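# Return a 3D structure for these sequence lines:
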Amino acid sequence: MKPPAEPPLGVETSGSSSTDGHTVDVSTDSGDHHPIRLAIVNDYGVVLAGLNAMLKPYASEVHVLELDANMPVSQPVDIVLYDTFARTEPNLAEIKVLADNPYAERVVVFSWSFDADLVEIAFSLGAVGYISKTSTADELVEALTRIQSGEQVISPDPARRLDNTSLKWPGEDAGLSAREAEVVALITQGKSNADVAALLHLSVNTIKGTIRTAYRKIGATNRVEAVLWGTSHGMQPDQHRLTSWH
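Residues are numbered from 1 along each chain as shown. As a prediction, this is how the structure comes out:
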């Protein structure tokens, strides 16, 4: 399946072609209306658990089969929902690994970052959806349903609005925002300011400002103290697979 040449932010395809190049006919509706079989992938268990809890009321529409932290998808699923929180591979390289997994029929990115180049890279690597983490549960399920029916869906750019009380992240209990937590997690993994800026598609100055705010909240005065805090507060990636949580 080929993505639009330039995936347009804010444009959601409808399953029929048009002359402006922004709508692609990828309809594959077979009439089978079983719940979407979903795997959620991220390096942090708390992130996976938060997304699973968010989708739990929609079990008749979305059946979460497994939560994978640093583990490959291990059973056939309709969609792999890839949460990009604290990803460490540049240029979304993980997407190709997920898309090449024979158990994954479709890969959808779930992210705060909506740099146009990043969205285009995701589609070039095999993603068929790029969903904002500002989406409500209703909006996420609707997007997944449309993707399952054969559409390619891109959420509107959330701009600088990085909040969603339904989601969870490490460091939230310490008052860290989602962005601050992501930066501290990457620092804990040994990333430099320049590395973090490149991974999050932000300026180094923006990263420095975020670090100062985060350090105040966690009581760190330097990078070593921040890493020690992060190591003892869940900022190191997990490695496990959950297929049962009831």
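# Are we agreed that residue 81 is in a strand?
Yes - assessed with DSSP: H, G, I helix; E, B strand; the rest coil, residue 81 lies in a strand.
# For it, give me its contacts.
38, 39, 40, 41, 51, 108, 110, 144 (Cβ atoms under 8 Å, 6 or more residues apart in numbering). Quick note: C-beta positions are derived from backbone N, CA and C, even for glycine.
# Write the ChimeraX selection for whichever of those are buried.
Buried residues among the contacts of residue 81 (16 or more other Cβ atoms under 10 Å), as a ChimeraX selection:
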select :38,39,40,41,51,108,110,144
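# Quick check: of the contacts of residue 81, which lies closest to residue 234?
Closest approach to residue 234 among the contacts of residue 81 (Cβ to Cβ): residue 51, at 16.0 Å.
# Which of the contacts of residue 81 fall within helices?
Mapping the contacts of residue 81 onto helices (DSSP state H) picks out 51, 144.
# Ramachandran angles for residue 157?
Residue 157 adopts backbone torsions of phi -60, psi 120, taken as degrees, to the nearest 10.
# Is there a neighbour count for it? I'd like the number.
For residue 157, the neighbour count with other Cβ atoms under 10 Å is 15.
# With residue 219 instead?
10.
# any idea which of the contacts of residue 81 is closest to residue 183?
Distances from residue 183 to the contacts of residue 81, taken by Cβ to Cβ, are shortest for residue 110, at 18.5 Å.
# The closest one bridge partners, please.
residue 83, residue 131 (DSSP bridges).
# Could you measure from it over to residue 218?
26 Å (Cβ to Cβ, to the nearest Å).
# Same question for residue 241.
30 Å.
# helices and strands of the chain: which one has the lowest mean pLDDT?
strand 240-242 (a mean of 76; mean pLDDT, DSSP states H and E).
# could you pull out the strands for this protein?
36-41, 62-69, 77-83, 104-111, 127-132, 153-154, 240-242 (DSSP state E).
# and the fifth one, what does it pack onto?
By that I understand strand 127-132. strand 104-111, helix 116-124, helix 137-148, strand 153-154 (3 or more Cβ pairs under 8 Å, 6 or more residues apart in numbering; DSSP states H and E).
# From the chain's centroid, how far away is the first one?
By that I understand strand 104-111. In terms of Cα atoms, centre = their mean, to the nearest Å, the centre of strand 104-111 is found 8 Å from the chain centre.
# Export only the CA atoms of it, formatted as PDB.
Taking C-alpha atoms only, strand 104-111 is exported to PDB below (Å, rounded to 0.1, in the frame of the first residue of the first chain):
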ATOM      1  CA  ALA A 104       0.900  -7.000  11.800                       C
ATOM      2  CA  GLU A 105      -1.600  -6.200   9.100                       C
ATOM      3  CA  ARG A 106      -1.500  -2.400   9.600                       C
ATOM      4  CA  VAL A 107       0.700   0.000  11.600                       C
ATOM      5  CA  VAL A 108      -0.700   3.200  13.100                       C
ATOM      6  CA  VAL A 109       1.500   5.900  14.800                       C
ATOM      7  CA  PHE A 110       0.200   7.500  18.000                       C
ATOM      8  CA  SER A 111       2.200  10.600  18.700                       C
END
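# on that earlier part again, for residue 241 and residue 218, indicate the residue with more neighbours.
The residue with more neighbours, out of residue 241 and residue 218, is residue 218; 19 against 16, by other Cβ under 10 Å.
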